[in-house]
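# Just the structure for this:
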Amino acid sequence: MLGKDDLVYAVEFMESPIGYHSPGLQRVLNLMRGGALEGKYVLVTLEPCRRWALARLPGRRGAPVSLVAGVEYTDQLEAERDVFRRRWHDLTGTELKA
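All right, here's what the predicted structure looks like:
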């Protein structure tokens, strides 16, 4: 899983959430994206390139996602960072300070 040695990759992601990622960060992202889908945080586009909402995936394919009440974004990079922080917490039980 993820450990203290992976904090360097969290910092890398926070600096540049979109684009090329080092092999170490890609490994971390693969861990975050893998596994069970139920409850995993995702972004839902409300207005293309303008507004996004935070949601959680259902336990089965085809079921609707559950929007997280009151959590919307107007900055895609901040939205991606927030999802990363939330998934990091879910996997490690620790808050990211980055």
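
# can you pull out the strands in this structure?
All strands of the chain, identified by DSSP state E, fall at 41-47, 51-56, 66-73.

# Buried ones in the lengthiest helix in the chain, by neighbour count?
Determined from DSSP state H, the single longest helix within the chain is helix 76-92. Using 16 or more other C-beta atoms under 10 Å as the test for burial, helix 76-92 gives 76, 79-88, 92. For glycine as for every other residue, the C-beta is placed from the backbone atoms N, C-alpha and C.

# How about the contacts made by the closest residue to residue 85 other than its chain neighbours?
Using C-beta to C-beta, 6 or more residues apart in numbering and skipping residues adjacent in sequence, the residue nearest residue 85 is residue 96, 4.8 Å away. Residue 96 makes contacts with 10, 14, 84-85, 88-89, as judged by C-beta atoms under 8 Å, 6 or more residues apart in numbering.

# wait, which of the buried residues of helix 76-92 is closest to residue 25?
Comparing the buried residues of helix 76-92 against residue 25 with C-beta to C-beta places residue 84 closest, at 10.2 Å.

# Please report the distance of the closest one from residue 92.
12 Å (C-beta to C-beta, to the nearest Å).

# go on, residue 10?
10 Å.

# In contact with residue 76, which residues?
Applying C-beta under 8 Å, 6+ apart, the residues contacting residue 76 are 18, 49, 52.

# same thing but at 10 Å, please
17-18, 43, 45, 49-52 (C-beta atoms under 10 Å, 6 or more residues apart in numbering).

# So, low pLDDT: which residues of this protein?
Along the chain, the model assigns pLDDT under 70 to residues 98.

# repeat that with 90
1-4, 35-36, 59-61, 97-98 (pLDDT under 90).

# show me the contacts for the residue of it most remote from its centre.
For the chain, the residue at maximal distance from the C-alpha centroid (C-alpha atoms, centre = their mean) is residue 62, at 20.7 Å. Shown in contact with residue 62 (C-beta under 10 Å, 6+ apart): no residues.
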